[in-house]
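Participant: Would you be able to build a 3D model of this:
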Amino acid sequence: MKKEIHPDNYRLVAFKDMSNEETFISRSTVNTKDTIEIDGVEYPLVKLEISNTSHPFYTGKMKLVDTAGRVDKFRSRYQKHMDSKKK
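Facilitator: Numbering: from 1, shown residues only. Sure thing, here's the model as predicted:
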């Protein structure tokens, strides 16, 4: 391996899926201000909107994750079009 090409801040980081509260720990260089304590150890925390534990492709379930009202906004915008398709 080449020397001095890897970042200095490569460390264990906790990633938390905010849609289902699942947390996993992995190595990363991501910068974050938040921290979380897991089993008495404090880790930097990265908050995720979706991960493999909540994504329909991996879970096999159709579940809408809507954190900002985007689905409702889409449905209200295109409701007339969807109603005309049903006829």
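
Participant: Contact partners for Ile38?
Facilitator: Contacts for Ile38 (Cβ atoms under 8 Å, 6 or more residues apart in numbering) come out as Ala14, Thr23, Ile25. Placement of C-beta: from N, CA and C, glycine included.

Participant: Relative to Arg77, which of those residues is nearest.
Facilitator: Thr23 (35.0 Å; Cβ to Cβ).

Participant: List buried residues within the contacts of Ile38.
Facilitator: Among these, those classed as buried by 16 or more other Cβ atoms under 10 Å are Ala14, Thr23.

Participant: Cross-reference the contacts of Ile38 with the strands and report the matches.
Facilitator: In strands, defined here by DSSP state E, the members of those are Ala14, Thr23, Ile25.

Participant: what about His81, is that helix, strand or coil?
Facilitator: Of the three states, His81 takes helix according to DSSP: H, G, I helix; E, B strand; the rest coil.

Participant: and it, what does it touch?
Facilitator: Not one residue lies near His81 by Cβ under 8 Å, 6+ apart.

Participant: what separates Thr35 from Ser76, distance-wise?
Facilitator: 39 Å (Cβ to Cβ, to the nearest Å).

Participant: In the chain, what helix or strand scores lowest on average pLDDT?
Facilitator: The weakest-scoring helix or strand in the chain, judged by mean pLDDT, DSSP states H and E, is helix 56-59 (a mean of 64).

Participant: so for the helix or strand following it, what's the average pLDDT?
Facilitator: Using DSSP states H and E, the helix or strand that follows helix 56-59 in sequence is helix 70-77. The average of the pLDDT scores along helix 70-77 is 73.

Participant: What is the neighbour count of the residue nearest to Ser51 when sequence neighbours are not counted?
Facilitator: Spatially, and ignoring its direct neighbours in sequence, Ser51 is nearest to Asp17 (4.1 Å; Cβ to Cβ, 6 or more residues apart in numbering). Neighbourhood size, Asp17 [other Cβ atoms under 10 Å]: 19.

Participant: Check Arg75 too.
Facilitator: Applying other Cβ under 10 Å, we find 10 residues neighbouring Arg75.
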